[in-house]
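[1] I would like to see how this sequence folds:
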Amino acid sequence: MNCKDVLQEISNYLDENLDEDLKHTLKAHLKCCQHCQVIFDTTRKTIELYCDGKLYPLPDQVRDRLHAALRQKCQAQPR
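    Residues are numbered from 1 along each chain as shown. Purely as a prediction, here's the structure:
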């Protein structure tokens, strides 16, 4: 299994929609590939946070930078 295969199956793995052989192959790849492990962990954590439904306040500086980046992105798009 290569990285592309792993990325295509992350959702199925998290949803527990993989057969046992494919699950073991994916787990083995994740143990050996730091890049895929980071993507897997980030995806899993994002889903957990989203499903939790709690709102987390952003620090003022982070919120301000985010708003500025969004304004800049919106202004750069053609209408």
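[2] what helix or strand is residue 16 located in?
    Per DSSP states H and E, residue 16 falls between elements, in no helix or strand.
[3] need phi/psi at it.
    phi 60, psi 40 (degrees, to the nearest 10).
[4] for residue 49, see how far away it is.
    Between residue 16 and residue 49 the distance is 19 Å, computed by Cβ to Cβ, to the nearest Å. Just so you know, the C-beta spots here come from the backbone N, C-alpha and C atoms, and that holds for glycine as well.
[5] so the two - more neighbours on which side?
    residue 49 (11 against 7; other Cβ atoms under 10 Å).
[6] any idea of the pLDDT on the more buried one?
    At residue 49, the model reports a pLDDT of 81.
[7] the one 3 residues further on too?
    Confidence at residue 52, expressed as pLDDT, is 76.
[8] cool, the one 5 residues further on as well?
    Predicted confidence (pLDDT) at residue 57: the value is 81.
[9] same deal with residue 31?
    96.
[10] against residue 37, how distant is it?
    8 Å.
[11] neighbour count winner among the two?
    When residue 31 is set against residue 37 and neighbours are counted by other Cβ under 10 Å, the residue ahead is residue 37, at 14 against 10.
[12] give me the spatial nearest neighbour of that one, chain neighbours excluded.
    residue 30 (5.1 Å; Cβ to Cβ, 6 or more residues apart in numbering).
[13] so what touches the helix or strand containing the one you found?
    Per DSSP H and E: residue 30 is located in helix 20-32. Outside helix 20-32, the residues that touch it by Cβ atoms under 8 Å, 6 or more residues apart in numbering are 1, 2, 3, 5, 6, 9, 13, 18, 36, 37, 40.
[14] buried subset of those?
    1, 6, 9, 13, 18, 36, 40 (16 or more other Cβ atoms under 10 Å).
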